[in-house]
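A.B. asks: The amino acid sequence is not available; the structure is as follows:
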């Protein structure tokens, strides 16, 4: 579309939040933001924007009748200075006067930042673009907005650059919304996989700006940015106590995805947001928690992002402004952002392309930790309680109506809320039942109902809270019949060995002992020695798997899963740890094939083998990082490469 909104003039500086009488979505970007580029290969590159725009075009987003393109502009000094020190702005502006060598030397002063001669211009336009769409939304000219901007901003502090960020784009726009656009209460939801330390610190004492971040934290030690800023116990200070909310994942690579994020939204983010009742919602939309991102190590799909966007559209009469932050797999960010854009344009979220798995038990503890830290501040925030037994959980599930994410008027329904007390959370951490904390009671780790036995209904009830009794272990479905967990137990049932699509067992508070895998008597006819299998598996993992260079496999033991087939191929289960240590033990299937043209020994009793692929981690042990369960990972090798790669000979009767 060629129509544009006029830039805000002086008479609009004193506007108030206007009622929404349009379904238009503002869209802003500018090629000036492509000029910020590193002199060497870097994940935060102009290709990110280019690919997003290509996918938007391919999916017809630019042709949508509700899209209204808005003219970008540079942020002014006064706008930038609302959250940044003037000296910081002057420093960024001065960079273009330096030589290339001097610019690179300046970048070395900061934490994970690069500069070029055009960085100051790109950064200003990123800020100004977010301000322009904020003014348009607050004035009622559009309902919501999309800002495809770079460089990202949520790591930038008031006085310094860091984490690829020069200016804090969303923070500036939020401050402008408060100061001159009539927004009394502003919500910022930051779903970038890295904690937005800069945004949080800028509003740490402000009770009118609620900052909620969902990110990998790894106890402040194993993921950028390190420290306690992203800890669930960091809740704000002074008048802003309770207005900084951190959901920090501590489960390592590829442990959290759609299931865990939807649980965090329905149990933490949406209840707090509804209690806060914002006038305006910003999304710091980093897509580095997306499946396939090289830095994030999470597994959120475009469908998951679309569902989270849809929930947020039920707040602030739909005034949602989504601004790009991180995300470094150009395919992942493009399709994820496009899915969100379609929701903002009024389309329903797409169905999930695969069943949602059972939630990671450790992630549930992370959610419970945040709930416990904020239960004193928010009346709608209540901790998850475990069902006393399986029958009770079944009965609760049977009484829960389907949660439609939008009612007939298009507003997002409130998520179902458990009705329980704070002591449950403490009991969960102690491994007790709620009754045990006060004496007596059953053990906490009861089996939850399996996926097959969960019952859902197709009622149009917009709010299922009334259907929930005090204990809650429920699943709901959306309009596409996809199972969505709303609350869950911390102790899942143990699924069968051949069921890798659902279920993860709650790990104990300490890493379990590295016990050996005893081969099954019925499957030992493979003939390969467990020690040799473990060594071959480790070599393949450390040299050719997707985890090579990130983790080193340390095998513990191995046992055969399937005897050799007619081609003399076989499968073994290998138990192992990794370095750096994640505190977990993993079980994974490795596939072995005979080496090409390998000759039997002189006695004709042995044959050489090599590891060719791995797949299907066992359900009680999530993978360290990389692909989803049941994805078969293979390495293409020529016959010569197989022969050269083989480090030793393993014995197996020749066929």
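C.D. replies: Received the coordinates, thanks. All values reported here derive from a predicted model rather than from experimental measurement.

A.B. asks: Can you report how many residues neighbour residue 60?
C.D. replies: 12 (other CB atoms under 10 Å). Placement of C-beta: from N, CA and C, glycine included.

A.B. asks: Also residue 191?
C.D. replies: Residue 191, neighbours per other CB under 10 Å, totals 28.

A.B. asks: Which residues in the helix or strand containing residue 91 does the neighbour count mark as buried?
C.D. replies: According to DSSP states H and E, residue 91 maps onto helix 86-94. For helix 86-94, burial by neighbour count (16 or more other CB atoms under 10 Å) applies to 88, 89, 91, 92.

A.B. asks: start to end distance for stretch 106-121?
C.D. replies: 17 Å (CA to CA, to the nearest Å).

A.B. asks: What lies in contact with it?
C.D. replies: Contacts with stretch 106-121, where a contact means CB atoms under 8 Å, 6 or more residues apart in numbering, come from 32, 35-39, 42, 44, 74, 92-93, 95-96, 98, 100, 103-104, 151, 155, 160-166, 224-225.

A.B. asks: Those in helices, which ones?
C.D. replies: Judged by DSSP state H, the contacts of stretch 106-121 include 92, 93, 100, 103, 104 as members of helices.

A.B. asks: CSV for those residues, including pLDDT and distance to residue 119?
C.D. replies: Formatted as CSV, the ones in helices among the contacts of stretch 106-121 follow (pLDDT from 0 to 100; distance: CB to CB, whole Å):
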residue, pLDDT, distance to residue 119
92, 97, 7
93, 96, 10
100, 92, 12
103, 94, 8
104, 91, 12
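
A.B. asks: Identify, from these, the entry nearest to residue 190.
C.D. replies: Comparing these against residue 190 with CB to CB places residue 92 closest, at 22.2 Å.

A.B. asks: any idea which helix or strand carries the nearest residue to that closest one once chain neighbours are set aside?
C.D. replies: The shortest distance from residue 92 to any non-neighbouring residue, by CB to CB, 6 or more residues apart in numbering, is to residue 120 (5.0 Å). Residue 120 belongs to helix 119-138 when assigned by DSSP H and E.

A.B. asks: Pull out the buried positions in that helix.
C.D. replies: Quick answer for helix 119-138 (16+ other CB under 10 Å): 119-138.

A.B. asks: dump the residue contacts of residue 367.
C.D. replies: Contacts for residue 367 (CB under 8 Å, 6+ apart) come out as 247, 260, 263, 264, 267, 268, 384.

A.B. asks: Can you get me a residue count around the second one?
C.D. replies: Meaning residue 260. For residue 260, using other CB under 10 Å, the count is 29.

A.B. asks: just the first one next, same as before
C.D. replies: Neighbour count for residue 247, taken as other CB under 10 Å: 26.

A.B. asks: next one: the third one
C.D. replies: Counted by other CB under 10 Å, the residues lying close to residue 263 total 25.

A.B. asks: Toward the C-terminus from the helix or strand harbouring it, list the very next helix or strand.
C.D. replies: Following DSSP H and E, one finds residue 263 within helix 258-264. Counting by DSSP H and E, the next helix or strand C-terminal to helix 258-264 is helix 270-276.

A.B. asks: What's the mean pLDDT across that following helix?
C.D. replies: Taken as a whole, helix 270-276 has a mean pLDDT of 95.

A.B. asks: residue contacts, residue 100?
C.D. replies: 39, 116, 117.

A.B. asks: distance of it from residue 117?
C.D. replies: 7 Å (CB to CB, to the nearest Å).

A.B. asks: What of residue 157?
C.D. replies: In terms of CB to CB, residue 157 sits 23 Å off from residue 117.

A.B. asks: These two: which has the busier surroundings?
C.D. replies: residue 157 (20 against 15).

A.B. asks: Give me the three-state assignment for that one.
C.D. replies: coil (DSSP: H, G, I helix; E, B strand; the rest coil).

A.B. asks: Is it in contact with residue 198, as I believe?
C.D. replies: Yes - counting by CB atoms under 8 Å, residue 157 does reach residue 198; the two are 4.7 Å apart.

A.B. asks: what residues do those two have in common as contacts?
C.D. replies: Looking at what touches both residue 157 and residue 198 (by CB under 8 Å, 6+ apart), the common residues are residue 168.

A.B. asks: which parts of stretch 285-304 are buried?
C.D. replies: Neighbour-count burial for stretch 285-304 [16+ other CB under 10 Å]: 285-293, 295-304.

A.B. asks: picking that back up, return the member of the contacts of residue 367 nearest to residue 27.
C.D. replies: Out of the contacts of residue 367, the member with the shortest distance to residue 27 (by CB to CB) is residue 264, at 28.1 Å.

A.B. asks: sorry, back to before: may I ask which of the contacts of residue 367 comes out lowest in pLDDT?
C.D. replies: Scoring the contacts of residue 367 by pLDDT puts residue 384 last, at 56.

A.B. asks: pLDDT weak spots in the stretch 551-655 of the chain?
C.D. replies: Along the stretch 551-655 of the chain, segments meeting pLDDT under 70 span 582-583, 595-608, 615-655.

A.B. asks: Which residue is the nearest non-sequential neighbour of residue 335?
C.D. replies: Counting by CB to CB, 6+ apart, the residue nearest residue 335 is residue 302, at 4.7 Å.

A.B. asks: what's the answer for residue 333, then?
C.D. replies: residue 327 (3.5 Å).

A.B. asks: Burial check on the one you found, number of neighbours?
C.D. replies: Neighbours of residue 327 using other CB under 10 Å come to 27.

A.B. asks: is it fair to say it lies in a helix?
C.D. replies: No - assignment of residue 327 by three-state DSSP gives coil, placing it outside any helix.

A.B. asks: if I pick it, what's in contact with it?
C.D. replies: 48, 192, 286, 287, 288, 290, 293, 296, 333, 336, 337.

A.B. asks: Are we agreed that residue 572 is in a helix?
C.D. replies: No - secondary structure of residue 572 (three-state DSSP): strand, not part of a helix.

A.B. asks: wait, doesn't it sit right on residue 532?
C.D. replies: No - if you go by CB under 8 Å, residue 572 and residue 532 don't touch, sitting 10.1 Å apart.

A.B. asks: what about the residue nearest to residue 333, distance to residue 227?
C.D. replies: 23 Å.

A.B. asks: So the residue lying closest to residue 195 once chain neighbours are set aside versus residue 324, what's the distance?
C.D. replies: Closest residue to residue 195 apart from its sequence neighbours, by CB to CB, 6+ apart: residue 230 at 3.3 Å. In this view, residue 230 and residue 324 are 20 Å apart by CB to CB.
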